[in-house]
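**Student:** heads up, no residue letters with this:
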Ligand code: FE
Ligand code: CA
């Protein structure tokens, strides 16, 4: 196991020098005006031999530097085999550094595969809650069953994180988070929905739009104080990615819809990536270098799942035809367009050739089904979401070609703030079925919603791909076996008041060997 080691004296000696009694306790009391672990804990990127454990010291989360002195501080950590924290499997110290907002990322290794572990951080008398994380099964080993959760899109102002509270109570091996962990803008207290209804404004972001590192840090800090979110993190290790709102709405490479000069947007991207790293339980391989980060990676579970976590933002070409929801246009067929960038696409193609794992998971952000978004019959040209794969049809054909060849491929998506499920067809959505796509709704973005959004029937009727839609908040549970991939759409009845009730809206199954959705 790692965990950077400097001696206990490193930070303690100076502070303790003037104290006559109980220096360890007083040291912590002197340092922290409040509980230092107010942002909770997290685990991430589980492998057969371990995972990352994370925390951040922030006794005053919303003030600059989290209310911490600008000095490195030693944090103790322990990983145990039992929730009573008696049988220690690994332990050590790590240094929380002011350059990284006093975040701590420990890459724990040397653990045994396919087992639950329990972890905790400590400084002096101050301790975190106990978190649980499960190691992955040995790569290639026989695995009869796997359950994991899928969640994301948690606009704080739109609703409570009730769904995260329910997700915390599910028994999952891991959670895949498809991004929009924060929303960088501050919205108006009076909000209109896409259909023109007044939307409830449940709570307010602190601060304005995020631009600097301090802005993004404050936004993460506010979101991370949420108790339901903290419980969901403490319950299982997460594979986190990002989508657009961790940085700015609809960003693409170095371009933005409002045409910030690319060399200036690079500063904002660097600040946003740093804050993302500081608050996410990811490995050191995902430490940003200025405006660049390597987020795409692979996760394997026994002989059952070979999953690819993709980055559909950093390397893509700008949205065609002005982006957004717009009439179909030739730019969407640009053969030079890319969604993943050449290097990531080659990496993915290479991995897919290896044919490991019964199921192939493509864990990414934006919808692959190419829907006509017109909600009434205006007679005009079809309207597409050009920020999704519908604006990148050449890369879409290439990827679907690979997935068709590979077989047993399932795409997991977020971004839409609705539940969708369908069969992905080549040739712009009219060819053969290559894979199945499950689009997970949002935790809170968009407010409580309803069973069907206005116009849902029309969108369904005009698509050869779409088989199911629903407009409530929640998350997915995926249950895999060698014979089938089953996805349960878990929804909460409302997210505006505490106590939203969870239920299963729909269960859909993909049988092994056939790219088809069954009820
Ligand atoms: Fe979102
Ligand atoms: Ca967007």
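**Tutor:** Cool, the structure landed. What you see is a predicted model; the values in this text were computed from it and never measured. Numbers count the residues shown, from 1 in each chain. Ligands and ions are numbered 1, 2, ... in the order given.

**Student:** Tell me how many other residues surround the residue in the stretch 301-450 of the chain positioned nearest to ligand 2.
**Tutor:** At 5.7 Å from ligand 2, residue 387 is the closest residue in the stretch 301-450 of the chain, using C-beta to the ion. The way it works is simple: take the backbone N, C-alpha and C, and place the C-beta from them, glycine included. Residues near residue 387, counting by other C-beta atoms under 10 Å, number 27.

**Student:** wouldn't it be in contact with residue 324 here?
**Tutor:** Yes. Under the criterion of C-beta atoms under 8 Å, residue 387 makes contact with residue 324 at 6.8 Å.

**Student:** Return every residue with contacts to both of these two.
**Tutor:** Residues within reach of residue 387 and of residue 324 at once, by C-beta atoms under 8 Å, 6 or more residues apart in numbering, are residue 250.

**Student:** Quick check: bridge partners of the residue nearest in space to the middle of the chain?
**Tutor:** What sits nearest the mean C-alpha location of the chain, by C-alpha atoms, centre = their mean, is residue 177, with 2.5 Å. Under DSSP bridges, the beta-bridge partners of residue 177 are residue 151, residue 240.

**Student:** Could you measure from it over to residue 475?
**Tutor:** Between residue 177 and residue 475 the computed distance is 10 Å (C-beta to C-beta, to the nearest Å).

**Student:** Spit out the residues that contact the two alike.
**Tutor:** Overlap of the contact sets of residue 177 and residue 475 (by C-beta under 8 Å, 6+ apart) consists of residue 151.

**Student:** Residue numbers of the chain in contact with ligand 2?
**Tutor:** 244, 249, 250 (C-beta under 5 Å from the ion).

**Student:** Of the residues you listed, just the buried ones, PyMOL syntax please.
**Tutor:** Command for PyMOL that selects the buried part of those, burial taken from 16 or more other C-beta atoms under 10 Å:
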select buried, resi 244+250
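
**Student:** can I get the residues of the chain next to ligand 2 in TSV with distance to residue 290 and secondary structure?
**Tutor:** Shown next, in TSV, are these (distance: C-beta to C-beta, whole Å; DSSP: H, G, I helix; E, B strand; the rest coil):
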residue	distance to residue 290	secondary structure
244	19	coil
249	22	coil
250	22	coil
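
**Student:** Closest to residue 496 out of the residues of the chain next to ligand 2?
**Tutor:** Comparing the residues of the chain next to ligand 2 against residue 496 with C-beta to C-beta places residue 249 closest, at 23.6 Å.

**Student:** what number of residues lie near residue 405?
**Tutor:** Applying other C-beta under 10 Å, we find 12 residues neighbouring residue 405.

**Student:** tell me the contacts of the residue nearest to the centre of the chain?
**Tutor:** Listed by C-beta under 8 Å, 6+ apart, the contact set of residue 177 reads 151, 152, 238, 239, 240, 241.

**Student:** measure it to residue 461 for me?
**Tutor:** 32 Å.

**Student:** same check, this time on residue 34
**Tutor:** Residue 34 sits 56 Å away from residue 461, going by C-beta to C-beta.

**Student:** For this structure, which segments are assigned as helices?
**Tutor:** Assigned by DSSP state H, the chain shows helices spanning 9-16, 23-31, 162-168, 213-224, 227-235, 262-279, 342-353, 393-406, 426-429, 456-461.

**Student:** Is it possible to get those helices out as TSV so that each row also shows mean pLDDT?
**Tutor:** Output for the helices of the chain, formatted as TSV (pLDDT from 0 to 100):
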stretch	mean pLDDT
helix 9-16	37
helix 23-31	48
helix 162-168	98
helix 213-224	98
helix 227-235	98
helix 262-279	98
helix 342-353	97
helix 393-406	97
helix 426-429	94
helix 456-461	95
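
**Student:** out of these, deepest packed?
**Tutor:** Compared across the helices of the chain, helix 162-168 shows the largest average neighbour count, a mean of 24 (mean count of other C-beta atoms under 10 Å).

**Student:** ok now that helix, how far from the chain's centre?
**Tutor:** Its chain's C-alpha centre and that of helix 162-168 lie 15 Å apart, by C-alpha atoms, centre = their mean, to the nearest Å.

**Student:** Spell out which parts of the chain neighbour ligand 1.
**Tutor:** Counting by C-beta under 5 Å from the ion, the chain comes close to ligand 1 at 153, 180, 445.

**Student:** swap the cut-off to 6 Å and go again
**Tutor:** By the rule C-beta under 6 Å from the ion, the part of the chain lying against ligand 1 is 153, 180, 245, 415, 417, 442, 445.

**Student:** Using a markdown table, lay out those residues together with neighbour count and pLDDT.
**Tutor:** Shown next, in a markdown table, are these (neighbours: other C-beta atoms under 10 Å; pLDDT from 0 to 100):
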| residue | neighbour count | pLDDT |
| --- | --- | --- |
| 153 | 26 | 98 |
| 180 | 25 | 98 |
| 245 | 25 | 98 |
| 415 | 25 | 98 |
| 417 | 24 | 97 |
| 442 | 30 | 98 |
| 445 | 24 | 96 |
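
**Student:** wait, which of these is closest to residue 222?
**Tutor:** Closest approach between the residues of the chain next to ligand 1 and residue 222, by C-beta to C-beta: residue 245, at 14.2 Å.

**Student:** How much space separates the residue lying closest to residue 468 once chain neighbours are set aside from residue 66?
**Tutor:** Excluding the flanking residues, the one nearest residue 468 by C-beta to C-beta, 6 or more residues apart in numbering is residue 421, at 4.2 Å. Using C-beta to C-beta, residue 421 is found at 41 Å from residue 66.

**Student:** partner strands of whichever strand in the chain runs longest, parallel or antiparallel?
**Tutor:** Longest strand in the chain, counting residues (DSSP state E): strand 466-480. Sheet pairing of strand 466-480 (DSSP bridges) gives strand 146-151 (antiparallel), strand 419-425 (antiparallel), strand 449-450 (antiparallel), strand 484-492 (antiparallel).

**Student:** chain center to the second one: distance?
**Tutor:** Here the centre of mass of C-alpha atoms in strand 419-425, compared against the chain's by C-alpha atoms, centre = their mean, lies 20 Å away.

**Student:** Can you tell me what sits against it?
**Tutor:** Strand 419-425 is contacted by residues 367-369, 400, 403, 411, 413, 431-441, 463-472, 474, 487, 489, 491, 505-506, 508, 515-517 when judged by C-beta under 8 Å, 6+ apart.

**Student:** and if you look at the last one?
**Tutor:** Contact with strand 484-492 is made by 162-163, 166-167, 359, 408, 410, 419, 421, 436, 438, 441, 468, 470, 472-480, 500-512, as judged by C-beta under 8 Å, 6+ apart.

**Student:** so for it, what's the average pLDDT?
**Tutor:** Averaging pLDDT along strand 484-492 yields 98.

**Student:** so how far is it from its chain's centroid?
**Tutor:** Here strand 484-492 shows a centroid-to-chain-centroid distance of 18 Å under the convention C-alpha atoms, centre = their mean.

**Student:** now stretch 157-173
**Tutor:** Relative to its chain's centre, stretch 157-173 lies at 13 Å (C-alpha atoms, centre = their mean).

**Student:** quick one on the thing from earlier: residue contacts, the residue of the stretch 301-450 of the chain closest to ligand 2?
**Tutor:** Going by C-beta under 8 Å, 6+ apart, residue 387 touches 244, 250, 319, 323, 324, 366, 415.
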